[in-house]
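Engineer: give me a 3D structure for the following:
(one chain, ligands or ions: 2)
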Amino acid sequence: MTDLLIVENAVKSFGSLRAVDECSFTVAESSITALIGPNGSGKTTLFNVITGYLKPDAGRVSFNGRDVTGTDAGRLYRHGLSRTFQQARVFPQLSVQENLVVAGGYSLRQLFTRRVSRADREKAGALLEEFRLAPVADLLASELSYGQRKLLEFAAVLMSGPRLVLLDEPTAGVNPVMIETMERHIRERNTSGITFLIVEHDMNFVMRLCDPVIVLDRGKQIFAGHPTDVQSNPLVLDAYLGS
Ligand SMILES: Nc1ncnc2c1ncn2[C@@H]1O[C@H](COP(=O)(O)OP(=O)(O)OP(=O)(O)O)[C@@H](O)[C@H]1O
Ligand SMILES: [Mg+2]
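Structural biologist: Residues are numbered from 1 along each chain as shown. Ligands and ions are numbered 1, 2, ... in the order given. Below you'll find the predicted structure:
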């Protein structure tokens, strides 16, 4: 399998804290890879470095065979690398449907002057159906439950036709039914060719869905392997038990 994403010796410091510390790992094309680790181990910072929200102090990020280190988030998004946020980010004052259309790359002005292509309107409509958001399509995103907002954010990411999607804690604060829904959508989209890198604290979810699992501790990769080997690995146990 080819590596769609390669992170090599990435470093990101905040003052004297090395949040990401010489971190290296790869994500194979077509995989659902998990990135786990204790709170504060650098997972979100790494996501920010990979997706162009933060520039690394050192190291390299390659996506789809190209060096994309320090490339801005918008450009990466257009090239097929997109992500969700630990605290779901949607436009609260736009409707659910408008949020999807904007994610397709339209400006608010184009949105309000209705200069949105028919193909993109249809794409948004299909996602609304697929994610069962059609009944709430005209509600403001701010009126949705937290779980629905996370689902909307995930659907919005798919408007860009991504090859790699990074999900930062897709199930956090989400009810069990919505977790199942999220899991089903990830599986379906993976089957249709999207690669996933998922930060997640819910180990049952990780065990069911992800392979391989990468474990981060203090900004470094300490384990990468099959999910069944994670929980018995001494380095991983040490990291979680805080020795
Ligand atoms: N913008 C920032 N400025 C200063 N310190 C930061 C900043 N962002 C993160 N940190 C620190 O970097 C370390 C790694 O944080 P990060 O959010 O990447 O961890 P995480 O693994 O995502 O944790 P969690 O599981 O709690 O989401 C933490 O000690 C955090 O306090
Ligand atoms: Mg985080």
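
Engineer: any idea which element the residue of the chain found nearest ligand 2 lies in?
Structural biologist: At 3.2 Å from ligand 2, residue 44 is the closest residue in the chain, using CB to the ion. To be clear about C-beta, it is placed using only N, CA and C from the backbone, and glycine gets the same treatment. Following DSSP states H and E, one finds residue 44 within helix 43-50.

Engineer: just the CA trace of that helix, in PDB.
Structural biologist: This file holds the C-alpha atoms of helix 43-50, laid out as PDB (Å, rounded to 0.1, in the frame of the first residue of the first chain):
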ATOM      1  CA  LYS A  43      -2.500  15.100  18.700                       C
ATOM      2  CA  THR A  44      -4.400  18.300  17.800                       C
ATOM      3  CA  THR A  45      -1.100  20.200  17.400                       C
ATOM      4  CA  LEU A  46       0.000  17.500  14.900                       C
ATOM      5  CA  PHE A  47      -3.300  17.800  13.100                       C
ATOM      6  CA  ASN A  48      -2.700  21.600  12.900                       C
ATOM      7  CA  VAL A  49       0.700  21.100  11.500                       C
ATOM      8  CA  ILE A  50      -0.400  18.500   8.900                       C
END
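
Engineer: ok, residues contacting the lowest-mean-pLDDT helix or strand in the chain?
Structural biologist: Lowest on mean pLDDT, DSSP states H and E among the helices and strands of the chain sits helix 108-112, with a mean of 71. Contacts to helix 108-112, defined as CB atoms under 8 Å, 6 or more residues apart in numbering, come from residues 94, 98, 101-102, 116.

Engineer: apply 10 Å and report the result again.
Structural biologist: Contact with helix 108-112 is made by 91, 94-95, 97-98, 101-102, 104, 106, 115-117, as judged by CB atoms under 10 Å, 6 or more residues apart in numbering.

Engineer: and residue 241, how close does it get to residue 171?
Structural biologist: To residue 171, residue 241 is 23 Å away according to CB to CB, to the nearest Å.

Engineer: the more surrounded of the two?
Structural biologist: Neighbour totals were compared for residue 241 and residue 171, and residue 171 leads with 22 against 8 (other CB atoms under 10 Å).

Engineer: for the more buried one, phi and psi?
Structural biologist: Dihedral pair for residue 171: phi -100, psi 0, per degrees, to the nearest 10.

Engineer: what's the answer for the one 10 residues further on, then?
Structural biologist: For residue 181, the backbone dihedrals are phi -60, psi -50 (criterion: degrees, to the nearest 10).

Engineer: you'd agree it is up against residue 155?
Structural biologist: No. When contacts are counted by CB atoms under 10 Å, residue 181 is not listed as touching residue 155 (11.1 Å).

Engineer: joint contacts of those two?
Structural biologist: Shared contacts of residue 181 and residue 155, counting by CB under 10 Å, 6+ apart, come down to 131-132.

Engineer: the more surrounded of the two?
Structural biologist: Using other CB under 10 Å as the criterion, residue 181 and residue 155 rank with residue 155 on top: 23 against 18.
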